[in-house]
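Visitor: kindly return the folded structure for what I paste below:
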Amino acid sequence: MTLSMSGFLTVAGAQLEYRLIGPQPSSAPCIVMLHEGLGSVGLWGEFPDKLQAATGASVFVYSRAGYGNSSPAARPRPLDYMQREALDVLPKLLEAIGFHRGLLVGHSDGASIAAIYAGGRQDHRLEGIVLIAPHVIVEDVSVASIAAIKTTYETTELRAKLGRWHKDVDNAFYGWNGAWLDPAFRAWDITDYLAYIRVPVAVIQGADDQYGTIRQVEFVRDECYCPVEVTMLPGVGHSPHREAPDAALKTITDFAAATLPAGASQS
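Guide: Got it, this is the predicted structure:
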């Protein structure tokens, strides 16, 4: 199968929008990017293009069901929605694109999905994972910030702004927000997956992340039995690739150069 540079794939019964930058995933090492809880293909901005230019790898970005121009997701979302994305949907997507070797780069919810996949699937094709502002447990600061953004969404122009990136913005927002604010979600914990990760891990964390503390990073470092490199960015919040794009790009590019097959990336 030859992928167009953009379009839709039918995966797990949903139409998922995607962008491909660079070579086909079947013919070159591929970096698959997993967006945040309110993200989409478009909200990555130019970062995937810069990453492709810096590494020479294939870069594949897609919107999960419920986001961007992809099919809506059923609401309320199940509280294990990240586990389902990682273990049920992502394997089918990787098969659909012809993924044969590469990295997962995830932000926030996407980072959690990457960690679950790496620990839960033992995929020999995976060379490493990059976790940008990952969540592995639920903290008070996470819930407080997510409760606050619900008020912002309902009382300011945030809904209209997000509506530029999601064809069904309420499906995207309330699917994510409702799961995180469900009292039962306080028990969500993916630390068990970390011990089963068998590939190198790079963590990029903003020191001023309003959605999580350094505890998230400490869990990754303490529970993984594989190499873990941590890049802490002072003065940066929950979106290092937007707030400090040069530093985030360098970290991922260096990691790709160290982990992808020889000749697949360039510094």
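
Visitor: mind checking the SS state of the nearest residue to Pro72 once chain neighbours are set aside?
Guide: For Pro72, ignoring the flanking residues on the chain, the nearest one in space by C-beta to C-beta, 6 or more residues apart in numbering is Asn171 at 4.7 Å. Glycine gets a C-beta too; all of them are placed from N, C-alpha and C. Under DSSP: H, G, I helix; E, B strand; the rest coil, Asn171 falls in the helix class.

Visitor: OK, contacts around Asn171?
Guide: Contacts of Asn171 were listed using C-beta atoms under 8 Å, 6 or more residues apart in numbering, and they are 66, 72-73, 75.

Visitor: give me that answer again for 10 Å
Guide: Asn171 sits next to 65-67, 70-75, 77 when contact means C-beta atoms under 10 Å, 6 or more residues apart in numbering.

Visitor: what's the pLDDT at it?
Guide: On pLDDT, Asn171 comes in at 98.

Visitor: hey, what's Val61 bridged with?
Guide: When bridges are taken as DSSP bridges, the partners of Val61 come out as Arg19, Met33.

Visitor: that one reaches Pro25, doesn't it?
Guide: No: counting by C-beta atoms under 10 Å, Pro25 is not a contact partner of Val61; they are 11.7 Å apart.

Visitor: any buried residues in the helix or strand where Asp192 lies, and which?
Guide: Under the criterion of DSSP states H and E, Asp192 resides in helix 191-194. By neighbour count, with 16 or more other C-beta atoms under 10 Å as the criterion, the buried positions of helix 191-194 are 193-194.

Visitor: any chance you could list what contacts it?
Guide: Applying C-beta under 10 Å, 6+ apart, the external contacts of helix 191-194 come out as 83, 86-87, 112, 115-121, 134, 136-137, 201, 219-226, 228.

Visitor: in helices, which of those residues appear?
Guide: When helices are assigned by DSSP state H, the members of these inside them are 83, 112, 115-121, 219-223.

Visitor: hmm, back to that, any residues in contact with both of Val61 and Pro25?
Guide: Each of 31-32 lies in contact with both Val61 and Pro25 under the rule C-beta under 10 Å, 6+ apart.

Visitor: list phi and psi for the closest residue to Arg84 other than its chain neighbours.
Guide: The shortest distance from Arg84 to any non-neighbouring residue, by C-beta to C-beta, 6+ apart, is to Pro78 (6.6 Å). In terms of degrees, to the nearest 10, the main-chain angles of Pro78 are phi -60, psi 150.

Visitor: swap in Thr10?
Guide: Main-chain dihedrals, Thr10, degrees, to the nearest 10: phi -90, psi 110.

Visitor: and it, what does it touch?
Guide: 16, 71, 92, 96.

Visitor: ok, now how distant is the closest residue to Gly68 other than its chain neighbours from Ala256?
Guide: Counting by C-beta to C-beta, 6+ apart, Gly68 lies nearest to Ser40, which is 3.2 Å off, once chain neighbours are set aside. Taken as C-beta to C-beta, to the nearest Å, the spacing of Ser40 relative to Ala256 amounts to 23 Å.

Visitor: these two: who's more crowded?
Guide: The residue with more neighbours, out of Ser40 and Ala256 and counting by other C-beta atoms under 10 Å, is Ala256; that gives 27 against 24.

Visitor: are we agreed that that one is in a strand?
Guide: No: secondary structure assignment places Ala256 outside any strand; it is helix (three-state DSSP).

Visitor: that one and Ser58 touch, don't they?
Guide: No: assessed by C-beta under 10 Å, Ala256 is found out of contact with Ser58, at 11.4 Å.

Visitor: roughly how far does Val228 sit from Gly7?
Guide: When distances are taken as C-beta to C-beta, Val228 and Gly7 turn out to be 36 Å apart.

Visitor: show me what counts as buried in stretch 174-194.
Guide: In terms of neighbour count (16+ other C-beta under 10 Å), stretch 174-194 has its buried residues at 174-180, 185-186, 188, 190, 193-194.
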